[in-house]
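> Pasting a predicted model and its sequence here:
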Amino acid sequence: MAANLAIDPFLTGGHEHSVGGRSASNVEEDPFLTSKPSAGGGHYGTGQERQFGRGVNMHMRSVAALVFVPWVCFAAMVVAFALLPPGGPWRLMALLIWMGCLGFSAVCYFVQGQRTGPLYKYMGVLVLVACVAAPVAGQKIFETDMTQYWMHKNGVAYRGVVPSKPADAYQDANLIDFSAMSRLSLRQVLGNRPQGSRTTYCVAPIIDARSPSKEVNFWAAGLDCCEPLRSFLCGDAANAEARTGIVMPSSTSQYAADRWDLFRKAASDAAELYGLTLPERPIFVRWHVDAKAVQSESLHQGIVEVILISFIYLMVSLFLAAWLHWTSAYHGAKREQQADWASDERGARGKQQGQRRSQASCC
């Protein structure tokens, strides 16, 4: 069996015999380090054919373990951090999944000290990398797509809101249906691009056509959908039937807070330019006809991003597993070659010493 393990230096560290006092029979206990033949010798036959089959199987199992175990951990954590609803119990579930994967990485390190070969060490490192990357990617998706989806799904909706009413009365709103006489003032548009940024923050006042007011409490807003002072095309601004505002959150995450501050800066510049007044906390909305369709789009976008990032990580995991396997096999073969050279050199020296002793004894 020890001879069979030498076929895959990735599993044995390049050593044919027992390592650290472990015999080949003990190594058989680890399913990642050996492949037991089926009764009757299996389909590999006997002798060299069976040995070759075991070696190939060990290569496939070791690479597959390095590819799929870290990837499954990564995908589970991304789903937990990106798609689960906000709130204590759901966040706790995501944290428990993360802690479970982190604990698995620690167990791999512990087991690696008891086994031959670097498989468990590499697996522990790759799972640890997944534990770092997955929460970052998942939280990013949650903040950009899913926060607004869950807020609109579970939040407060107001109907028939007149734009001239104070914004303070609707600070808890997630969805606002404005009155029939509400419209956008497309002659008072402003697009603000912060210095060093490539994103334009666009705003347009929402006014009551019956009694326009200098104080603008509600603003339609969007990203990269207007010129500096005209052509406001954010959401359904071009649709005269649009009356629904999907409120942009201001405090659900740091991303939302930073975005809200930049929209307020754009609204402040617009108010100064057009002679308007701005309350302390105006409400910014995405202007649409069908809010439910927008909610479904946010959910769909979040799911697509989770699938895409998981696929990318699968490709990265496949590359890393293949690279680690090839590197281990290369160094293992190199160590064996060096050991063979040293053994041949010792044999040659012994033979020369024997010949010199024979010559000295006969003379």
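In hand now; what should we look at? Residues are numbered from 1 along each chain as shown.

> Would you state the helices of the stretch 201-350 of the chain in chain order?
For the stretch 201-350 of the chain, the helices defined by DSSP state H, counting those that start in this stretch cover 254-274, 291-362.

> Report the rounded mean pLDDT for the first one.
Rounded to a whole number, the mean pLDDT of helix 254-274 is 93.

> Counting by contacts, list what it packs against.
In this structure, helix 254-274 makes packing contacts with strand 190-192, strand 201-208, strand 218-223, strand 283-288, judged by 3 or more Cβ pairs under 8 Å, 6 or more residues apart in numbering; DSSP states H and E. C-betas here are computed from N, CA, C, even on glycine.

> Give me the sheet partners of the shortest one and which way each runs.
Think strand 190-192. Counting by DSSP bridges, the strands paired with strand 190-192 are strand 201-208 (antiparallel).

> now the angle between strand 218-223 and the strand it pairs with, please.
Comparing the axes of strand 201-208 and strand 218-223 via axes from the mean of the first three to the mean of the last three Cα atoms, to 10 degrees yields an angle of 160 degrees.

> Tell me how this protein divides into domains.
2-150+301-351, 155-289 (automatic domain parsing).

> thinking again about what came up before, ranking the helices of the stretch 201-350 of the chain by mean pLDDT, which is last?
Looking over the helices of the stretch 201-350 of the chain, mean pLDDT reaches its minimum on helix 291-362, with a mean of 73.

> if I read this right, A130 contacts V69, doesn't it?
No: A130 is beyond contact range of V69, at 9.2 Å (criterion: Cβ atoms under 8 Å).

> neighbour-wise, which of those two wins?
Set A130 next to V69 and count neighbours by other Cβ atoms under 10 Å: A130 wins out with 28 against 20.

> Wait, S231 touches L190, no?
No: in this structure, S231 is not within contact of L190 by Cβ under 8 Å, at 11.6 Å.

> Those two: which is more packed in?
Per other Cβ under 10 Å, whichever of S231 and L190 has more neighbours is L190, with 26 against 13.

> Can you list the buried residues in the helix or strand that contains A134?
In the assignment (DSSP states H and E), A134 maps to helix 119-141. For helix 119-141, the neighbour count (16 or more other Cβ atoms under 10 Å) marks 119-131, 133-135, 137-141 as buried.

> repeat for stretch 80-90
For stretch 80-90, by 16+ other Cβ under 10 Å, it's A80, F81, A82, L83, L84.

> The residue nearest to E215 when sequence neighbours are not counted: what's it in contact with?
Of all residues not flanking E215 in the chain, T277 sits nearest, at 4.5 Å (Cβ to Cβ, 6 or more residues apart in numbering). Under the criterion of Cβ atoms under 8 Å, 6 or more residues apart in numbering, the neighbours of T277 are K214, E215, V216, A271.

> Now intersect these with the strands, please.
Using DSSP state E, no member of the contacts of T277 falls in strands.

> returning to that earlier point: the helix holding A134 - contacts with which helices or strands?
helix 48-83, helix 88-112, helix 291-362.

> now the angle from the second one to helix 119-141?
Okay, so that is helix 88-112. Using the same axes, to 10 degrees: helix 88-112 against helix 119-141 is 160 degrees.

> wouldn't W71 be in contact with Y313 here?
Yes: using Cβ under 8 Å, W71 is in contact with Y313, at 6.2 Å.

> So for the two, which residues contact both of them?
With Cβ under 8 Å, 6+ apart as the test, W71 and Y313 both reach A130.

> List the residue ranges of the stretch 1-150 of the chain that fall below the pLDDT cut-off.
1-59, 112-117 (pLDDT under 70).

> what's the pLDDT at R281?
On the pLDDT scale, R281 is placed at 93.

> again with the one 4 residues further on
Among the per-residue scores, V285 shows a pLDDT of 95.

> Leaving aside the residues adjacent along the chain, what's closest to it?
That would be G245: by Cβ to Cβ, 6+ apart, it lies 2.9 Å from V285.

> Quick check: the gap between I312 and L318.
11 Å (Cβ to Cβ, to the nearest Å).

> now swap in V72 and tell me
Taking Cβ to Cβ as the criterion, V72 is separated from L318 by 13 Å.

> that older thread, of the helices and strands packed on helix 254-274, which is nearest A240?
For the helices and strands packed on helix 254-274, the distance to A240 is smallest for strand 283-288, at 11.6 Å, taking Cβ to Cβ.

> Could you check that closest one and say which residues are buried?
I283, F284, V285, R286, W287, H288.

> repeat for stretch 184-198
Quick answer for stretch 184-198 (16+ other Cβ under 10 Å): L184, S185, L186, Q188, V189, L190, G191, N192.
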